[in-house]
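>>> Below are the sequence and a predicted model for it; my questions follow.
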Amino acid sequence: MVDIIFLQEGLHLFLLVLARISAMVSVAPFWSSRIIPMQVKIYFSILTSAVLLPLVWEQTPTLMLGPSPYILMVIQETVFGLILGIAGVLLFNAIHVAGQIIDTQMGFGMVNVLDPQSGTQIPMMGNFYYLIALLLFLISDGHHYLLQALMGSFNLLPPGTMISFPIHVWQDLAGLFTKILVFALQIALPVAGVLFLSDLALGIIARTVPQMNVFVLGIPIKIIVGVTTIIVVLPLYAVSLRFLFRQIFDTVDLMIQSYL
């Protein structure tokens, strides 16, 4: 009888751990990529949960095994895992927004490419910036850090100990939204600013030399100017990404500590 109760408690705890891990893996950057087969994500979540179970069990108090309290715990663990994953994926959404702004200025507003990782249409320059950001994210071990933060969250906040979602969590997430929006504008501003000056110069030429077909000449000129500006500011973009990665990781830590 004792063994049955022991196994039952272990199964309940395992499902709570699995809910948090699988929720984060389903939305976190790199881990949520469609290139990774769904079977691999499932096996990875189950294996990680099984490895962490003995460590989590020592720090987890006795769980309330009633149907309603347990269902609430599963929901809380799932939402918490989603919040951790969303905090990381917001960066790449900002890059897509910046790419859309740049594409519109360069004349590529109607040209989108299929992103195999998300299965959606994204801007051409947005895809270029996205691939660079993903590469730097992997080089910086960002995917490992997200897993480390997830595992550390079990030490600070064992399964079944969440009473509610503190207001600080939503404030930190809202602050991250603001930072991401500012970052998107910072990415697009150098290229968009130079292209605006190009439009201004073309407008002056159109007024001074009416015989010149500025609309025909403007398209290749803006593309050349835009690509040249992107190449020039690319090192600065890489430095900004590393700084933003650190801000995102700090925000994830703050959101975890807000529960304490």
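That came through fine.
>>> Got the phi and psi for Ile21?
Main-chain dihedrals, Ile21, degrees, to the nearest 10: phi -70, psi -50.
>>> so who does the residue nearest to it when sequence neighbours are not counted touch?
Spatial nearest neighbour of Ile21, chain neighbours left out: Ser45 (5.0 Å); criterion: Cβ to Cβ, 6 or more residues apart in numbering. To be clear about C-beta, it is placed using only N, CA and C from the backbone, and glycine gets the same treatment. Counting by Cβ atoms under 8 Å, 6 or more residues apart in numbering, Ser45 touches Leu18, Ile21, Ser22, Val25.
>>> Pop out the phi and psi values for Pro159.
Torsion angles, degrees, to the nearest 10, at Pro159: phi -60, psi 140.
>>> that older thread, helix or strand: which one has the residue nearest to Ile21?
According to DSSP states H and E, Ser45 maps onto helix 38-59.
>>> what mean pLDDT does that helix have?
The average pLDDT within helix 38-59 is 84.
>>> Please state the offset of it from the chain centre?
22 Å (Cα atoms, centre = their mean, to the nearest Å).
>>> what about Leu176, distance to Ala94?
Note on Leu176: its distance to Ala94, by Cβ to Cβ, to the nearest Å, is 10 Å.
>>> Which residue ranges of the stretch 51-200 of the chain form helices?
For the stretch 51-200 of the chain, applying DSSP state H, counting those that start in this stretch gives helices covering 67-106, 124-139, 142-156, 167-208.
>>> Which one, of the ones you listed, ends up nearest to Phe30?
For these, proximity to Phe30 was assessed by Cβ to Cβ; helix 142-156 is nearest, at 4.6 Å.
>>> re earlier: will you turn the helices of the stretch 51-200 of the chain into TSV that also has distance to Met38?
Shown next, in TSV, are these (distance: least, Cβ to Cβ, whole Å):
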stretch	distance to Met38
helix 67-106	16
helix 124-139	20
helix 142-156	18
helix 167-208	27
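>>> out of those helices, nearest to Ile248?
Closest among the helices of the stretch 51-200 of the chain, once you apply Cβ to Cβ, is helix 67-106, at 5.9 Å.
>>> Can you check the pLDDT for Ile4?
On the pLDDT scale, Ile4 is placed at 60.
>>> Actually, Asp172.
Looking at Asp172, its pLDDT reads 67.
>>> Likewise for the one 4 residues further on?
Confidence per residue is given as pLDDT, and for Leu176 that number is 71.
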